[in-house]
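Novice: I would like the atomic coordinates for the input below:
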Amino acid sequence: MTALLQLETKSEANEDEAAGFDEVKAALDALTGDFQKKTAPLADLTERLAKLEAKANRPAANDNRQEEPAIERKAFASFLKFGEQRMPAEEAKALVVADDTRGGYLAPAEFSTEIIRNLVQFSPVRQAARVGSTAASSVILPKRTGTPTASWVGETETRTGTESAYGQIEIPIHEMAAYVDVSVQLLEDAAVNVEAEVASDLAEEFGRLEGSSLLNGDGVKKPLGLMSATGIDFSVSGSAAAITADGLIDLVYGLPAFYRNTGAFMMNGTTLAALRKLKDGQGNYLWQPSYAAGQPETILSRPVVEAVDMPDIAAGTFPVVFGDFMRAFRIYDRAAMSILRDPYSLATTGKVRFHARRRVGAATVQSEAVRKLKIAAS
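Specialist: Presented below is the predicted three-dimensional model:
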């Protein structure tokens, strides 16, 4: 009997203990659920941040998206491909009609910039000179014609007043025109970048014409070229028919140090070849090519600009010019350039002709910054 009472008592104790455990478990579950509800926004934010981080760490090569071109650029591309009559109406409205009677359209700024950038390949003077832009028909620059003169004076001696004198130089803007022919099939091919094709051809045409005029232009309907400008001094080569090493040294050191230290040579390929063949008394070439990557070859430690329009070596000619072209020569591009699409003139040959016109002005503004080499004995 006693054993039975002990078992009943122990069972009641176990039941009380189990009930207490259930109560504790229920309380813990309630706390856990409440904690999860409160931290749910934080977990969601953490997951979103993880996704953004994973997206940011993707390789850039996998993202093939490209920025949409401006509406003017898209309209201009349609104009080149289809012409005004076949363009979508909304794109035709984006084109700006040029102020001429030929029905031309102003090229977008990006297209004009691309052509001007490519001109450097064909017009070497442009890469050496200072280039700017203007919206006027001419550019007027101040030019110093006189400098102040100082003198030593006594303690109470009267000082003589002097001042700088300034004049003006006007650079007129001239017009040049070129055209390129593009096949109809090329225009119809959507995979071909017609703008790049036209820009490349126009740059070559304008560069050929501009390169010659900027060096040898006579100032009639074109700029007065660097080699045609007055007031530029020269040194002689020391030979009636060739360039000598002594003549090159005299050319360089005949220029003021202020311009000499930033100067460069300009000559054509034939003259360049002749200079590379010059040797000293031991048979060593005077021109040592550069072996460092990215460093240009130099003559007397100064770089060389090759210009095909410079004259060849001959008696009485000026085949080499040396100086600071950035200070000596200015080029000004007129911002607007128009394109005229002519689908009729070459229709029987399956081509479309694009006429382009642009305006540019140039002049020598500091003749003392450059010096020419004349082929002469004395």
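Novice: Which stretches in this protein count as helices?
Specialist: Residue ranges of the helices in the chain, as given by DSSP state H, are 2-56, 71-82, 89-92, 109-122, 124-128, 184-188, 194-216, 245-253, 257-260, 269-276, 325-328.
Novice: isn't D250 right next to S235, touching?
Specialist: Yes. Between D250 and S235 there is a contact at 4.6 Å, judged by C-beta atoms under 8 Å. For every residue, glycine as well, the C-beta is placed using N, CA and C.
Novice: Looking at those two, which one has more neighbours?
Specialist: More crowded of D250 and S235, by other C-beta atoms under 10 Å: S235, with 22 against 16.
Novice: and that one, what does it touch?
Specialist: By C-beta atoms under 8 Å, 6 or more residues apart in numbering, S235 lies in contact with G247, D250, L251, G254, R371, K372, L373, K374.
Novice: 7 Å - rerun?
Specialist: Neighbour list for S235: G247, D250, L251, G254, R371, L373 [criterion: C-beta atoms under 7 Å, 6 or more residues apart in numbering].
Novice: Surely the fourth one and V370 touch.
Specialist: No. Between G254 and V370 no contact is recorded; they are 10.9 Å apart, counting by C-beta atoms under 7 Å.
Novice: Show me which of those two is the more surrounded one.
Specialist: Counting neighbours by other C-beta under 10 Å for G254 and for V370 shows that V370 has the greater number, 26 against 14.
Novice: Now do the more buried one against K143, distance only.
Specialist: 15 Å (C-beta to C-beta, to the nearest Å).
Novice: Could you do D181 as well?
Specialist: As for D181, its distance to K143 is 43 Å (criterion: C-beta to C-beta).
Novice: One more: L209?
Specialist: Counting by C-beta to C-beta, the gap from L209 to K143 is 28 Å.
Novice: Looking at those two now, which is surrounded by more residues?
Specialist: L209 (18 against 12).
Novice: Report the separation between the more buried one and Y179.
Specialist: For L209, the distance to Y179 (C-beta to C-beta) stands at 12 Å.
Novice: now I169
Specialist: For I169, the distance to Y179 - C-beta to C-beta - is 33 Å.
Novice: go on, T244?
Specialist: Distance, T244 to Y179, using C-beta to C-beta: 45 Å.
Novice: Next: V153.
Specialist: According to C-beta to C-beta, V153 stands 67 Å off from Y179.
Novice: Looking at the two, which is more packed in?
Specialist: Y179 (16 against 10).
Novice: Find me the pLDDT at the nearest residue to that one once chain neighbours are set aside, would you?
Specialist: Nearest residue to Y179 in three dimensions, chain neighbours excluded: H355, at 4.6 Å (C-beta to C-beta, 6 or more residues apart in numbering). For H355, the model assigns a pLDDT of 87.
Novice: What is the burial count for H355?
Specialist: 16.
Novice: Bridged to it, which residues?
Specialist: For H355, the beta-bridge partners under DSSP bridges are Y179, L340.
Novice: For it, give its distance to A178.
Specialist: Distance from H355 to A178, by C-beta to C-beta: 8 Å.
Novice: same question, G219
Specialist: 21 Å.
Novice: The two: who's more crowded?
Specialist: Between G219 and A178, counted using other C-beta under 10 Å, the more crowded position is A178 (18 against 14).
Novice: roughly how far apart are the residue nearest to that one when sequence neighbours are not counted and L215?
Specialist: Of all residues not flanking A178 in the chain, E205 sits nearest, at 3.6 Å (C-beta to C-beta, 6+ apart). To L215, E205 is 17 Å away according to C-beta to C-beta.
Novice: And these two? Which one has more around it.
Specialist: Applying other C-beta under 10 Å to E205 and L215 shows that L215 carries more neighbours, namely 24 against 18.
Novice: Which residues are in contact with that one?
Specialist: V125, G225, L226, M227, A307, D309, M310.
Novice: ok, 6 Å please
Specialist: G225, L226, M227, D309 (C-beta atoms under 6 Å, 6 or more residues apart in numbering).
Novice: which one among those gets closest to L272?
Specialist: The shortest approach to L272 among the contacts of L215 belongs to D309, at 13.7 Å (C-beta to C-beta).
Novice: Point out where the chain drops to low pLDDT.
Specialist: 1-110, 144, 147, 164, 190-192, 288-296, 335-336 (pLDDT under 70).
Novice: try it again with 50
Specialist: Residues of the chain that meet the criterion pLDDT under 50 lie in 3-5, 7, 59-68, 97-102.
Novice: Distance of the nearest residue in space to I313 that is not next to it in sequence relative to T230?
Specialist: Using C-beta to C-beta, 6+ apart and skipping residues adjacent in sequence, the residue nearest I313 is P319, 4.9 Å away. P319 sits at a distance of 19 Å from T230 (criterion: C-beta to C-beta).
Novice: what do you get for I169?
Specialist: Taking C-beta to C-beta, one finds I169 at 12 Å from T230.
Novice: Who has more neighbours out of these two?
Specialist: I169 (14 against 7).
Novice: wait, isn't that one in contact with K143?
Specialist: Yes. The criterion here is C-beta atoms under 6 Å, and I169 meets it with K143 at 4.7 Å.
Novice: For burial, what's the neighbour tally of G238?
Specialist: With other C-beta under 10 Å as criterion, G238 counts 19.
Novice: so it sits right up against G247, yeah?
Specialist: Yes. Judged on C-beta under 6 Å, G238 makes contact with G247 at a distance of 4.4 Å.
Novice: Can you give me the neighbour number for the nearest residue to T270 once chain neighbours are set aside?
Specialist: Nearest-residue entry for T270: D312, 5.2 Å, with adjacent residues in sequence omitted and distances by C-beta to C-beta, 6+ apart. Neighbourhood size, D312 [other C-beta under 10 Å]: 13.
Novice: if I read this right, D312 contacts M267, doesn't it?
Specialist: No. D312 lies out of contact with M267 (C-beta under 6 Å); the separation is 9.6 Å.
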